[in-house]
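In: Below: sequence and its predicted model.
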Amino acid sequence: MILGYARVSTEGQSLEAQLDALKDAGTDRIFAEKISGAKRARPELDRMIDQLREGDVVVVAKYDRLSRSLQDLLAIVEAIRAKGAGFRSLAEDIDTTTPAGRLVFHVFASIAQFERERISERTREGLAAARKAGRIGGRPPALSRQQREEVRRLRDDEGRRIAEIARLFDVSPNTVRRA
């Protein structure tokens, strides 16, 4: 049996292109879900793997639909192999039912992991450079230094309630507590 798996990360994304590709590939059954690939708990993926039998083939439109990390991807493909099933990725033309397909799968997976790590490294370098230049990321403070001092004075010296101070400065009570 040929089983398809389709996944998108957010509710705003569409599964249609993946579903069409899987139908064109002749899948007998498709498991689809909208959930982050970074999360290991993916109910439809788990259900599909549980139902695999010897000789089945799992088909995905792109292999990154299974996982965002190399380790997780390899673990999922190993779980598929342990059930006696194969794995095919349409976009990369990978078919782990053959020795050459298994080799290509591992090479592509390694390259994808390398690229994700490089992106993360470049992001960290960019943030460090921005900090060195005096730019600090994140949301600007809701209260200036003078306003924080006034909040403390109103609370400590005048004994005003936190909710009242929050209304005066048009901020949340938690902002007042942090000040």
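Out: On my side now, so go ahead.

In: going forward, measure contacts and count neighbours with C-alpha atoms only.
Out: Fine.

In: Looking at the record's assignment, how would you partition the protein?
Out: In the domain annotation for the chain, the residue ranges read 2-115, 145-178 (automatic domain parsing).

In: Mean pLDDT, distance to Arg131 and mean neighbour count for those domains - can I get that in a markdown table?
Out: Conversion of these to a markdown table gives the following (pLDDT from 0 to 100; distance: least, CA to CA, whole Å; neighbours: other CA atoms under 10 Å):
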| stretch | mean pLDDT | distance to Arg131 | mean neighbour count |
| --- | --- | --- | --- |
| domain 2-115 | 87 | 24 | 17 |
| domain 145-178 | 91 | 21 | 14 |
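
In: any chance of those in CSV, plus distance to Ile136?
Out: As requested, these are exported to CSV (distance: least, CA to CA, whole Å):
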stretch, distance to Ile136
domain 2-115, 26
domain 145-178, 17
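
In: can you give me the helices for the protein?
Out: The residue ranges that make up the helices of the chain, judged by DSSP state H, are 16-24, 43-51, 70-82, 99-132, 145-156, 162-169, 173-178.

In: which residues touch the closest residue to Phe105 other than its chain neighbours?
Out: Spatial nearest neighbour of Phe105, chain neighbours left out: Ile94 (6.0 Å); criterion: CA to CA, 6 or more residues apart in numbering. Ile94 is in contact with Phe87, Arg88, Gly101, Arg102, Val104, Phe105, counting by CA atoms under 8 Å, 6 or more residues apart in numbering.

In: So what pairs up with Ile94 in the strands?
Out: With beta bridges defined as DSSP bridges, Ile94 has these partners: Ser89.

In: Same list (the helices of the chain) but as a markdown table, adding distance to Val57.
Out: Shown next, in a markdown table, are the helices of the chain (distance: least, CA to CA, whole Å):
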| stretch | distance to Val57 |
| --- | --- |
| helix 16-24 | 12 |
| helix 43-51 | 11 |
| helix 70-82 | 9 |
| helix 99-132 | 13 |
| helix 145-156 | 62 |
| helix 162-169 | 60 |
| helix 173-178 | 53 |
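
In: among the ones you listed, which is nearest Phe31?
Out: Of all the helices of the chain, it is helix 43-51 that lies closest to Phe31, at 5.8 Å by CA to CA.

In: Tell me how far Glu125 lies from Lys132.
Out: 11 Å (CA to CA, to the nearest Å).

In: Overlap in contacts, the two.
Out: Contact with both Glu125 and Lys132 is made by no residue, according to CA under 8 Å, 6+ apart.

In: how much space is there between the nearest residue to Arg42 once chain neighbours are set aside and Asp46?
Out: Here the nearest residue to Arg42 in space, its sequence neighbours aside, is Ile35; by CA to CA, 6+ apart that works out to 7.1 Å. Going from Ile35 to Asp46 by CA to CA gives 13 Å.
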